[in-house]
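Asks: turn this into a model:
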Amino acid sequence: MELRYVVPSEAEGQRLGIFLRTCGVSAGMIKSVKHTGQGFFADGQEIHTDQRVHAGQSISFALPPESATSVTPQPIPLSIAYEDEFAAVLDKPAGLAVHPTLNYPDHTLANGWIYYLQSQGKSGVFRPVNRIDKNTSGLVLCAQNAFAAPLLASHVQKCYLAIVQGSLPLGPGKVEAPIGRRGDSIIGRCVTPQGKYSLTEYTVLASGRQHSLLACTPRTGRTHQIRVHMSYIGHPLAGDTLYGGSIEAIGRHALHCAVLHFVQPVTHDNIRVTSPLPPDMQLLLQAEGLLNGWTLNDF
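Replies: Residues are numbered from 1 along each chain as shown. Predicted coordinates for the structure are as follows:
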C-alpha cells in the first residue's frame, strides 16, 4: 500500500522527516520505511529524511511489509461492524477473549481475525486499539497496519452501556477517583490514593427499583475502570462478582461497548460505529421496563 502527501506552501523548505511528522506519520514508521521498506520519494525521485521538501511536491512511500504473526488462525465467527484499509471495528460477544493469554491461549478474537485475513488472501497482525474484558461485549477498534495504529489510538472515544445495581437519579454524573491494583487479587483493581488518576463520565438513561442503565464514557483508560468506579459509588455492575455485583439477574458483568468514535487516518473523516445491546442485557432491562425512553444519539 502506498501513501502520498502533497507538500503545502507552509511546509516549503522543511526537512522531509519533519514534514512527515506533521502529517501524522510516526517516528517508528519513518524508521521502518527507511530500514525495512522501499524508502521515500518526491515526485518519483528518491529523497532522504534530512533533505528539504518544496511546495507542490508529491511525497510518497510504501508501507513496509507486516511482520509474521504468532497467532494461530482459527475459524471463529466474526461480526465486522466497519472495515477499510486502515481500520476495522469488530463486534465482540461476551465470553470471547480479545487476544491469547496464559488462560486463553487460543479461540480468541485475534485467532478469528487472522483466519479472516488469510481467507481474504491478506497478511497482517491483530492490533486492537481498545481492549475489552472477556465478558464485556461490544465494539473493538483494530488498526489494519502499523501506520494507522498510533493515529487511531490518539483519536478514539468509547461509550459503554452499563447496567448497575440500585436506583440512580436520571441525568449526568462523574466519578473522579484514582485506580490502582487491589492487594488481594491478581487481576482486581480498586480506588486508592496510590492509584493513577481516573475519570469516568456517565449519564443515567433509565432507572428502576432494582437496576439503572448508564451510558459511560471513560476519559482515562484504566483496567476495569467503569467496573471499579461504579462499585466505588455503591452501584456495582449487575453480574460483576469481582466488584460486589450479583449474578441473580445476569450471568456476567453487564457492560457493553455500544458506540465508537474515531478519525479515519488518511481521509480524516469522523467515523461513528454503534452496536445494539446484546440479548442478555436487553432481557434484564425489559424485565424492569427500562428499554424505552432513552437514546444513544447524543453519545
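Asks: buried residues, stretch 169-178. List them.
Replies: By 16 or more other CB atoms under 10 Å, the buried positions in stretch 169-178 come out as 175, 177, 178. Where C-beta positions appear, they are placed from N, C-alpha and C, glycine not excepted.
Asks: for it, the distance to its chain's centre please.
Replies: Remark: stretch 169-178 is offset 22 Å from the chain centroid, using CA atoms, centre = their mean, to the nearest Å.
Asks: pull up the distance across stretch 32-47, start to finish.
Replies: 15 Å (CA to CA, to the nearest Å).
Asks: still on that earlier bit, now, which of the buried residues of stretch 169-178 lie within strands?
Replies: Counting by DSSP state E, the buried residues of stretch 169-178 place residue 175 in strands.
Asks: any idea which of the buried residues of stretch 169-178 is closest to residue 214?
Replies: residue 175 (10.7 Å; CB to CB).
Asks: element containing the nearest residue to that closest one once chain neighbours are set aside?
Replies: Spatial nearest neighbour of residue 175, chain neighbours left out: residue 229 (3.9 Å); criterion: CB to CB, 6 or more residues apart in numbering. Assigned by DSSP states H and E, residue 229 belongs to helix 225-232.
Asks: which elements pack onto that helix?
Replies: The contact analysis (3 or more CB pairs under 8 Å, 6 or more residues apart in numbering; DSSP states H and E) places helix 225-232 against strand 156-165, strand 171-176, strand 179-181, strand 189-191, strand 199-207, strand 211-218.
Asks: my guess is residue 54 contacts residue 14. True?
Replies: No - the pair residue 54 / residue 14 is not scored as a contact, 9.3 Å apart, by CB atoms under 8 Å.
Asks: so which of these two has more stuff around it?
Replies: Neighbours were counted for residue 54 and for residue 14 using other CB atoms under 10 Å; residue 14 has more, 16 against 13.
Asks: how many other residues sit next to the residue nearest to the more buried one when sequence neighbours are not counted?
Replies: In this structure, residue 14 finds its nearest non-sequential neighbour in residue 53, 5.8 Å apart by CB to CB, 6+ apart. Per other CB under 10 Å, the neighbour tally for residue 53 reads 22.
Asks: ok, residue 53 touching residue 11?
Replies: Yes - with contact defined as CB under 8 Å, residue 53 reaches residue 11; the gap is 6.4 Å.
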